[in-house]
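>>> A structural model of the following input is requested.
(one chain, ligands or ions: 1)
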Amino acid sequence: MFDKILIANRGEIALRIIRTCHEMGINTVAVYSTIDRDALHVRFADEAVCIGPPSSQESYLRPDRIIAAAEVTGVDAIHPGYGFLSENAEFSAICSDHDVKFIGPSPNTIDLMGEKSLAKKTMDKAGVPTVPGSDGIVESVEEGKAIADEIGYPVMVKASAGGGGRGMRLVEDPANFQRAFEGAQSEAEAGFGNPDVYIEKVVVKPRHVEIQILGDGDGNVIHFGERECSIQRRHQKLIEEAPSPIVDEELREEMGEAAIRGAESVNYEGAGTIEFLVDADRNFYFMEMNTRIQVEHPITEEVTDCDLVEHQIRVAAGEPISDQNITMDGHAIECRINAEDPFKNFSPSPGTVTAFHQPGGQGVRVDTHAYVNYVIPPTYDSLIGKLIVRAKTREQAMDKMKRALDEFIVEGVRTTIPFHQQMMHNADFRAGNFDTRFLDNFTMRPVEEKEAA
Ligand code: MV4
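Model prediction:
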């Protein structure tokens, strides 16, 4: 097992990783930018190294500075968390060049899954259901139009280097095809330096259901059931839950088997997520694979009673997967608490947290790096905490979430807490009646302010 791990991240996920390391008796090294010098990950790690100014480009995204910190402190491994360098194949390769274990998949696997069209082909070959569409990259408008005519409109033009909703165009009819196709190509070129696009039939009113997997790099893969990304806004997830209200034991087994086939076909190592679109008839189709630990991993931990970060560390250290019999029990929900104003289009609300009280009680978990007088920098993402509840049933979990949200006090900045309170009372959400477009038809009900903020 490793003696010392460097955490190449900040915020709640850095704390999350440090916690598991310390439970495993592993020493930790934090890295931080100058604006994070008072952050809790710096305080809770055994050692900390400053890696640059606030800009991510000059700090958390600098492989050279992170490797220098790793060499100075003599770590065995680097945990990248999510975001930043977590899905950067080059960084994974640089780590292995410096004899530091990257806790995650190989550079080849990261590259393969990052190239969405190739990832889809790989999954298709492994027998994972995919959405009908082009066989890989489409080179010209004429070729694209012919494919669209064959599969039928509406179609989706997707950037192969994109993902998470970036570089995607919906085309309703042939008259709009050329504009959408060329628009997607130039957006992809501008955004990712790669104009490649591919085409798929549109899955209407899809739901986003993903399977958590873990591979040991020797062809053994297990799954931890599904999560549903219930409520999202402009591809930003706000509420996730496990299990999905539309997945029963039979569908779980089918999707789990498909995810395992896909991951085994690439000898997957580490934790990963296979994302599916699920249509109204509960057909499921591969969408993307994430090669990192995800923000919403705690809901899976709560219903499977596993520590996914511990699993990541153990497979990275070369241990075989021990837990072969994972089952889901109960229901977990996560609400993302962002420093954003839900009454003002979720506009960012950085600043000083003047009061902070987090909820507790049975079945309540808060993963956060915030504290009283913490200054939320405007520099990074707006996530300041995750409120996770777990109960026997979905209904009880929603009621517990309501209660926990009522106890959550954050003053000095606006947060998404009022949004979540309204969602927990929303009849459609409560009935499990939603899809990925739910928020298109939702506006916040204005509420009386208890007090001026
Ligand atoms: C789709 C789709 C419908 N049909 N593909 C959005 C994120 C990117 N990973 C893929 N996305 C979608 N792909 C086909 N063939 C609808 C979406 C989509 C979506 C998916 C998951 C969660 C939220 C979404 C919001 C809008 C569109």
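>>> which residue is nearest the centroid of this protein?
Most central in the chain under C-alpha atoms, centre = their mean is Gln294, positioned 3.7 Å from the mean C-alpha point.
>>> Shouldn't it be within a strand?
No. Per DSSP: H, G, I helix; E, B strand; the rest coil, Gln294 lies outside any strand segment and is coil.
>>> Is it in contact with Glu275, as I believe?
No. Using C-beta atoms under 8 Å, Gln294 makes no contact with Glu275, being 9.8 Å away. In this view, the C-beta of every residue, glycine as well, is placed from N, C-alpha and C.
>>> Contact partners for the closest residue to Asp196 other than its chain neighbours?
Leaving aside its chain neighbours, Asp196 sits nearest to Ser160 (4.1 Å; criterion: C-beta to C-beta, 6 or more residues apart in numbering). The contact partners of Ser160, by C-beta atoms under 8 Å, 6 or more residues apart in numbering, come to Glu115, Lys116, Ser117, Leu118, Ile137, Ala188, Asn194, Asp196, Val197, Tyr198.
>>> out of the residues you listed, which one sits closest to Ala404?
Lys116 (36.7 Å; C-beta to C-beta).
>>> And the worst-scoring helix or strand of the chain on mean pLDDT, what does it pack against?
Of all helical and strand segments in the chain, the minimum by mean pLDDT, DSSP states H and E falls on strand 166-171, at a mean of 91. Here strand 166-171 touches strand 155-163, helix 177-192, going by 3 or more C-beta pairs under 8 Å, 6 or more residues apart in numbering; DSSP states H and E.
>>> Go again with 10 Å.
Under the contact definition 3 or more C-beta pairs under 10 Å, 6 or more residues apart in numbering; DSSP states H and E, strand 166-171 sits against helix 141-151, strand 155-163, helix 177-192, strand 197-201.
>>> Between the ones you listed, which one is closest to Pro418.
strand 155-163 (30.5 Å).
>>> Who does the closest one pair with, and is each partner parallel or antiparallel?
Paired neighbours of strand 155-163 in the sheet (DSSP bridges): strand 166-171 (antiparallel), strand 197-201 (antiparallel).
>>> what does this structure have sitting close to the ligand?
131, 156, 163-165, 168, 200, 202-203, 206, 208, 232, 235, 277, 287-288, 436 (C-beta under 6 Å from any ligand atom).
>>> where does this structure dip in pLDDT?
For the chain, the stretches flagged by pLDDT under 70 are 448-453.
>>> Now do the longest strand anywhere in it: distance to the chain's middle.
Looking across the chain with DSSP state E, the single longest strand is strand 221-233. Average the C-alpha atoms of strand 221-233, do the same for its chain, and the two points are 10 Å apart (C-alpha atoms, centre = their mean, to the nearest Å).
>>> same thing with stretch 342-360?
Per C-alpha atoms, centre = their mean, the centroid offset for stretch 342-360 relative to its chain is 21 Å.
>>> Keeping just the C-alphas, turn that stretch into CSV.
Written as CSV, here are the backbone C-alpha positions of stretch 342-360 (Å, rounded to 0.1, in the frame of the first residue of the first chain):
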residue,chain,number,x,y,z
PRO,A,342,-31.4,30.7,-7.9
PHE,A,343,-33.7,33.7,-8.0
LYS,A,344,-31.3,35.4,-10.4
ASN,A,345,-30.7,32.8,-13.0
PHE,A,346,-28.2,30.9,-10.8
SER,A,347,-25.7,33.8,-11.1
PRO,A,348,-22.5,33.3,-9.1
SER,A,349,-22.4,34.7,-5.6
PRO,A,350,-18.9,34.5,-4.2
GLY,A,351,-17.8,36.2,-1.0
THR,A,352,-17.5,35.7,2.7
VAL,A,353,-19.6,33.0,4.5
THR,A,354,-20.6,35.0,7.6
ALA,A,355,-22.7,32.2,9.3
PHE,A,356,-22.6,28.5,8.6
HIS,A,357,-24.5,25.7,10.3
GLN,A,358,-24.7,22.3,8.7
PRO,A,359,-27.5,19.8,9.3
GLY,A,360,-27.0,16.5,11.0
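>>> For it, list every residue counted as buried.
Within stretch 342-360, the residues that count as buried by 16 or more other C-beta atoms under 10 Å are Pro342, Phe343, Phe346, Pro348, Ser349, Pro350, Val353, Phe356, Gln358, Pro359.
>>> Then stretch 97-104?
Quick answer for stretch 97-104 (16+ other C-beta under 10 Å): Val100, Lys101, Phe102, Ile103, Gly104.
>>> Now tabulate the residues you listed in CSV and tack on secondary structure.
Putting the buried residues of stretch 97-104 into CSV (three-state DSSP) gives the following:
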residue, secondary structure
Val100, coil
Lys101, strand
Phe102, strand
Ile103, coil
Gly104, coil
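>>> Looking at these, which one is closest to Asp36?
Ile103 (21.0 Å).
>>> Contacts only, for the closest one.
2, 5-8, 17, 77-81, 86, 92, 95, 269-271, 292-293, 309, 312-313, 315-317 (C-beta atoms under 10 Å, 6 or more residues apart in numbering).
>>> follow-up on the earlier one: can I get the CA coordinates of the least confident helix or strand of the chain in PDB?
The C-alpha trace of strand 166-171 is given here as PDB (Å, rounded to 0.1, in the frame of the first residue of the first chain):
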ATOM      1  CA  ARG A 166     -20.600  21.000 -25.200                       C
ATOM      2  CA  GLY A 167     -20.500  21.200 -28.900                       C
ATOM      3  CA  MET A 168     -23.900  19.600 -29.500                       C
ATOM      4  CA  ARG A 169     -26.600  20.700 -32.100                       C
ATOM      5  CA  LEU A 170     -30.100  19.500 -32.400                       C
ATOM      6  CA  VAL A 171     -31.400  19.300 -36.000                       C
END
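>>> What lies in contact with that strand?
116, 144-145, 148, 153-162, 176-192, 194-197, 199-200, 202, 235.
>>> thinking again about what came up before, among the contacts of Ile103, which lie within helices?
Ile17, Ser92, Cys95, Val309, Gln312, Ile313, Val315, Ala316 (DSSP state H).
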